[in-house]
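# Any chance you could fold what I've pasted below:
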Amino acid sequence: MVDVLVHNGTVQDITPAGGKPPRGAETRDAQGRWILPGLWDNHVHFAQWVIQQQRLDLTSTSSAAECLALVRKALPHQQRGPLVGYGFRDGLWPDLPTAEALDDAAGTFPVVLISADLHCAWVNTAAQRYLEITADADGLIREEAWFAVLEKVQNPAELTSADYGFVARTAAQRGVVGVVEFETTDNIALWPRRVADGVDSLRVEVAVWPDRLHGAIQAGVKTGDPLDERGLITMGPLKVVVDGSLNTRTAWCWDPYPGVDPHHPHACGAETVPIHELEKLMRSARDAGLNAAIHAIGDRANTAVLDTFESLGMTGVIEHAQLLRHCDVPRFAELGLAASVQPEHAMDDRDVADAYWAGRTGRAFALRSLNEAGVPLHLGSDAPVAPLDPWCAMASAVHRSRGDREPWHPEQSIDLKAALGASARGRDSVRVGDPADLIVVERDPYRCTRDELRHMPVAATLLGGRFTWSDL
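Numbering: from 1, shown residues only. A predicted model of the protein is given here:
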């Protein structure tokens, strides 16, 4: 047992327990609990996570019919439009979504049902008029066409600081000290305002998307620059989405999806941003001092993104890296790239991966392969796609299972030390000189079962030595 002395936002000393504290020091008795580095969620859409609390919950649905039943039940209580639902996963549904079926259920009231991966929405005719879009024949709008109108559904700027503050404090109660924000809005302007309004329980690294890249460059902000007076908000990377998602069958792969005509232009998924355009964006970011975080899920997308990083001599992060060719795994380390991965997605998508990536799942969510190749891992949630809770991510990374199911490809699990380091900015223990971003937990994580780790009780969270949550 030890005493930990925190001063001026850093860990100043670690001594055997029972010593006399410095005069005037505030003391907290952790009563033999465990102290760990504070945790980060390295991939969130924070506004969407906040908004999710206000949307019709579709996460339990297993068919189009079940979604429609929830819509019919919710409509009489909807005061104004549109009705927005979130969380369906249609990859293995026995029935297909159709525009006609949603029109029958909703009538002239606009209804927008958003998939769990955020890459498509099921909209009725009234919603198409409301959003000024034209969906495909099945009533779905996918990828870039959908992202372009996402803010119309509910503008994150309309949420209050109280909304953000509540969710940020909830994250702090789970040991979170920081997040990497990939929301598609004006993060550079909005997050400093939130801190000024009292949303100060998290550090936030904010990304910029291509449509706001020129403005960021003109403003002269570089990755790592503080954006607020307290230093809680810092400039992060350029974010570009190169392909789609597995559930939407738009992840860009080398092999066609089963059941799709191999001559169809999107039989292997979608290249949502042409690679020549990606190269231009990344070069502009590089020359302006901005790092890059590039979304790539399919193995062909990952190959192309690796090639682009290599051609530019640029380091950064590949977001998701869900399906990889074996020959591409060591390239991450060779190029100095990190892999930002979401282990909960492996649990959510294991069945759809078995269906659409049959014969290839041994190299899907390949955390151990990446770790053993020396690739830095950054664990995250992609909230709201998975809960903003690093303990869930770590439990899935270590055990590759959830609920009553057997582990899925356990050969790709990582140990807890690696998972903790990937959730705490490379820190797997507390050392003198570290930032005083710390958590106190009720159990020894190295002796926890899978579910004990997933539901780890957090007794306190400190951000720069300041308690953002305490039950001590």
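# In this structure, where is pLDDT below threshold?
Applying pLDDT under 70 to the chain picks out residues 155-157.
# Show me how the record splits it into domains.
Here the domain parsing of the chain from automatic domain parsing is 55-153, 160-428.
# Against Tyr446, how distant is the spatially most central residue of the chain?
Nearest to the geometric centre of the chain sits Asp382, at 1.7 Å (CA atoms, centre = their mean). Noted for Asp382: a distance of 27 Å to Tyr446, by CB to CB, to the nearest Å. Glycine gets a C-beta too; all of them are placed from N, C-alpha and C.
# Sort out which residues of stretch 198-212 are buried, please.
Neighbour-count burial for stretch 198-212, counted by 16 or more other CB atoms under 10 Å, picks out 199-210, 212.
# Which strand or helix spans the nearest residue to Asn124 once chain neighbours are set aside?
Leaving aside its chain neighbours, Asn124 sits nearest to Leu102 (4.2 Å; criterion: CB to CB, 6 or more residues apart in numbering). Assigned by DSSP states H and E, Leu102 belongs to helix 99-106.
# immediately after that helix, which helix or strand?
Downstream of helix 99-106, the first helix or strand assigned by DSSP H and E is strand 111-115.
# now that following strand: how far from the chain's centre is it?
The chain centre lies 20 Å from the centre of strand 111-115; the measure is CA atoms, centre = their mean, to the nearest Å.
# Tell me the helices and strands packed up against the next helix or strand after that strand.
As assigned by DSSP H and E, the chain's next helix or strand after strand 111-115 is strand 120-123. Judged by 3 or more CB pairs under 8 Å, 6 or more residues apart in numbering; DSSP states H and E, the packing partners of strand 120-123 are helix 99-106, strand 111-115, strand 140-142, helix 143-147.
# partners of strand 120-123, with directions?
Paired neighbours of strand 120-123 in the sheet (DSSP bridges): strand 111-115 (antiparallel), strand 140-142 (antiparallel).
# Please identify the most buried of these.
Mean neighbours per residue, mean count of other CB atoms under 10 Å, is largest over the strands paired with strand 120-123 for strand 111-115, with a mean of 28.
# List the contacts of it.
Taking contacts as CB atoms under 8 Å, 6 or more residues apart in numbering, the residues outside strand 111-115 that touch it are 55-56, 58, 67, 71, 75, 82-90, 102, 105, 120-124, 126-127, 131, 153, 247-248.
# orientation of it relative to helix 99-106 in degrees?
120 degrees (axes from the mean of the first three to the mean of the last three CA atoms, to 10 degrees).
# pull the CA atoms of strand 111-115 into CSV?
What follows is strand 111-115, C-alpha atoms only, in CSV (Å, rounded to 0.1, in the frame of the first residue of the first chain):
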residue,chain,number,x,y,z
VAL,A,111,-39.6,9.6,-39.1
VAL,A,112,-35.8,9.1,-39.2
LEU,A,113,-34.4,5.8,-37.9
ILE,A,114,-30.6,5.9,-37.6
SER,A,115,-28.5,2.7,-37.7
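# Could you number the chain from 37 rather than 1 from now on?
Sounds good: first residue 37 from here, last item strand 147-151.
# Do a quick rundown of the strands in the stretch 87-236 of the chain.
Secondary structure of the stretch 87-236 of the chain (DSSP state E, counting those that start in this stretch): strands located at 92-93, 119-124, 147-151, 156-159, 176-178, 212-217.
# tell me what the first one is packed against?
Spelled out, that is strand 92-93. Short answer (3+ CB pairs under 8 Å, 6+ apart): strand 92-93 packs on helix 100-110, strand 119-124.
# what's the distance between the shortest one and the middle of its chain?
Shown here is strand 119-124, whose average C-alpha point lies 18 Å from the average C-alpha point of the whole chain (CA atoms, centre = their mean).
# relative orientation of that strand and helix 100-110 in degrees?
In terms of direction (the same axes, to 10 degrees), strand 119-124 departs from helix 100-110 by 150 degrees.
# Within its sheet, name the partner strands of strand 119-124 and how each one runs.
With DSSP bridges as the test, strand 119-124 pairs up with strand 92-93 (parallel), strand 147-151 (parallel).
# Next, report how far the longest strand along the chain is displaced from the centre of its chain.
Using DSSP state E, we find that the single longest strand of the chain is strand 269-277. Per CA atoms, centre = their mean, the displacement of strand 269-277 from the mean C-alpha position of its chain is 13 Å.
# In CSV, list the C-alpha atoms belonging to that strand.
Taking Å, rounded to 0.1, in the frame of the first residue of the first chain, the C-alpha atoms of strand 269-277 are listed here in CSV:
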residue,chain,number,x,y,z
ILE,A,269,-9.5,21.4,-25.0
THR,A,270,-6.7,20.8,-27.5
MET,A,271,-6.6,20.6,-31.2
GLY,A,272,-6.6,17.1,-32.5
PRO,A,273,-6.4,15.6,-36.1
LEU,A,274,-8.1,15.9,-39.4
LYS,A,275,-10.7,13.2,-39.7
VAL,A,276,-11.6,11.7,-43.0
VAL,A,277,-13.9,8.7,-43.7
